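A.B. asks: What would the 3D arrangement of this be:
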Amino acid sequence: MQTYLVGGAVRDELLGRKVTERDWVVVGATPQQMLDAGYTQVGKDFPVFLHPKTKEEYALARTERKAGQGYTGFICDASASVTLEQDLQRRDLTVNAIAQTQDGELIDPYNGKQDLENKVLRHVSDAFSEDPLRVFRVARFATRYHYLGFTIATDTLSLMTAMATSGELSTLTAERVWQETARSLMERSPAIYFSVLTQCQALPVWFPELPSPPHAVYEALAEAAMLALPLEIRFSCLCTALTTEAVNSLSKRLKMPNAVSSLALLAAKLSDSMQASLHAHALVDLFDTADAWRKPERFADLLKVFTLTSNAQGITHWDERRRLISEALEQAKAVDIKAIIESGVKGPAIKEAVRSARCKAVDKVLASAHAPQK
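C.D. replies: All right, here's what the predicted structure looks like:
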């Protein structure tokens, strides 16, 4: 039984990047031997075990044979006769098919180290095309390592294009596509993910509502990454140019978290309102629609989204506009609803009186902004 460090840990160590998790492959062992050694089995489709102390994953070396559609249609052989080279051959990219012995020696049968040095993402074998999820994985790796100058090999991109046009991508689950997308959005160059999907004709399969790069929304996305803003703000930048129907369709298809979809939907719904002339009644309507009274943090995120997209579009007056909208909200929130009720207003008139008071508060903010400076 021999154990090797494989995959991302080896790759990132060679790139000088921080290693966040380590995966191991075990050659020449049976599941029972692993259990007898104190490991806990967690894999259902193929034998994966947790180390009794470190809890790191140890997978038995395996081969895979395509037997159906999608990324789950494989027959795996994890017998003790499977060699390390056979296990590495089933992996997606050469840079992910490097193993390391416990003594630090590299085993690199598919020249992954050379591709790392040349900054190229290249598929290991034609078996790459058997797993449609790899189109999105490669797009994610291209996104992650773009800052280092990595590009996708021409033949690999051609293979990805053939996979995208074959119809195989539609067999993927929304959860897996969203996982790759969300991780890519959180990289420092997230727009590259969508550029790669556009190049290989995969964007229309899962993201038909999104515009193809280059587009201002992707520039906004780049600034969001530079500012290390959260996922929901980054994704919402892509949705300011969409209709609410398009965002709903995209959200349902990808089954994204509610925190992401709700902000994206607001960004699409309020895009025109955010750019319209500033009037008291229109601003109070805006605050009502966004539920800014109860969810001020979400409204602040919405303003960040439009700040990013306005910057990308070169709208120079947005900073002053944002300041006025924020101040108007604070003054409108300061309206004393309890005092209105105690004044004797009852029933439906309370709502009308509160709205009127809020409009007056907003109007004062706007009037002050336009007053001549002394």
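
A.B. asks: quick one: pLDDT of V260?
C.D. replies: At V260, the model reports a pLDDT of 97.

A.B. asks: what sits against it?
C.D. replies: Each residue near V260 by C-beta atoms under 8 Å, 6 or more residues apart in numbering is listed here: L231, E232, F235, S236, S251. Placement of C-beta: from N, CA and C, glycine included.

A.B. asks: Reformat those as a markdown table; add neighbour count and distance to T101.
C.D. replies: Shown next, in a markdown table, are those (neighbours: other C-beta atoms under 10 Å; distance: C-beta to C-beta, whole Å):
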| residue | neighbour count | distance to T101 |
| --- | --- | --- |
| L231 | 19 | 38 |
| E232 | 21 | 43 |
| F235 | 28 | 42 |
| S236 | 32 | 46 |
| S251 | 20 | 47 |
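
A.B. asks: Tell me the one of those nearest A222?
C.D. replies: Checking these against A222 with C-beta to C-beta, the nearest one is F235 at 13.7 Å.

A.B. asks: isn't the closest one right up against M186?
C.D. replies: No. Taking contacts as C-beta atoms under 8 Å, F235 lies outside contact range of M186: 10.2 Å.

A.B. asks: Just give me the neighbour total for L88.
C.D. replies: By other C-beta atoms under 10 Å, the residues close to L88 number 24.

A.B. asks: How about A228?
C.D. replies: Using other C-beta under 10 Å, A228 has 8 neighbouring residues.

A.B. asks: do the same with P31
C.D. replies: Other residues close to P31 by other C-beta under 10 Å number 16.

A.B. asks: Where do the helices of the stretch 101-250 of the chain begin and end?
C.D. replies: 112-118, 133-144, 154-166, 174-185, 191-199, 203-206, 216-226, 231-237, 244-254 (DSSP state H, counting those that start in this stretch).

A.B. asks: Can you add distance to V365 and mean pLDDT and give those helices back as a markdown table?
C.D. replies: As requested, the helices of the stretch 101-250 of the chain are exported to a markdown table (distance: least, C-beta to C-beta, whole Å; pLDDT from 0 to 100):
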| stretch | distance to V365 | mean pLDDT |
| --- | --- | --- |
| helix 112-118 | 56 | 98 |
| helix 133-144 | 42 | 98 |
| helix 154-166 | 51 | 98 |
| helix 174-185 | 35 | 98 |
| helix 191-199 | 36 | 98 |
| helix 203-206 | 42 | 98 |
| helix 216-226 | 27 | 96 |
| helix 231-237 | 25 | 98 |
| helix 244-254 | 28 | 97 |
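
A.B. asks: and of these, who's closest to K364?
C.D. replies: Of those, the one closest to K364 (C-beta to C-beta) turns out to be helix 231-237, at 30.6 Å.

A.B. asks: elements contacting that closest one?
C.D. replies: helix 174-185, helix 216-226, helix 258-269, helix 296-313 (3 or more C-beta pairs under 8 Å, 6 or more residues apart in numbering; DSSP states H and E).

A.B. asks: JSON lines please, covering these and showing distance to L197.
C.D. replies: Below are those laid out as JSON lines (distance: least, C-beta to C-beta, whole Å):
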{"stretch": "helix 174-185", "distance to L197": "9"}
{"stretch": "helix 216-226", "distance to L197": "12"}
{"stretch": "helix 258-269", "distance to L197": "18"}
{"stretch": "helix 296-313", "distance to L197": "20"}
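
A.B. asks: Tell me which of these lies nearest to A280.
C.D. replies: Among those, helix 296-313 sits nearest to A280 (C-beta to C-beta), with 17.2 Å.

A.B. asks: what residues does stretch 188-197 touch?
C.D. replies: For stretch 188-197, using C-beta under 8 Å, 6+ apart, the contacting residues are 135-136, 138-140, 142-143, 146-147, 152, 181, 184-185, 187, 203, 207, 210, 212-213, 218-219, 221-222, 224-226, 234.

A.B. asks: Go again with 6 Å.
C.D. replies: A139, A142, T143, H146, Y147, S184, L203, P213, Y218, L221, A222, A225 (C-beta atoms under 6 Å, 6 or more residues apart in numbering).

A.B. asks: In it, which residues are buried?
C.D. replies: S189, P190, A191, I192, Y193, F194, S195, V196, L197 (16 or more other C-beta atoms under 10 Å).

A.B. asks: What is the burial count for the residue lying closest to the fifth one once chain neighbours are set aside?
C.D. replies: Same thing as Y193. Sequence neighbours aside, S184 is the residue nearest to Y193 in space, at 3.8 Å (criterion: C-beta to C-beta, 6 or more residues apart in numbering). Other residues within reach of S184, judged by other C-beta under 10 Å, total 25.

A.B. asks: distance of S184 from V95?
C.D. replies: Using C-beta to C-beta, to the nearest Å, S184 is found at 17 Å from V95.

A.B. asks: again, but for K346
C.D. replies: K346 is 71 Å from V95, where distance means C-beta to C-beta.

A.B. asks: For these two, indicate the residue with more neighbours.
C.D. replies: Ranked by neighbour count (other C-beta under 10 Å), K346 and V95 place V95 first, with 30 against 8.
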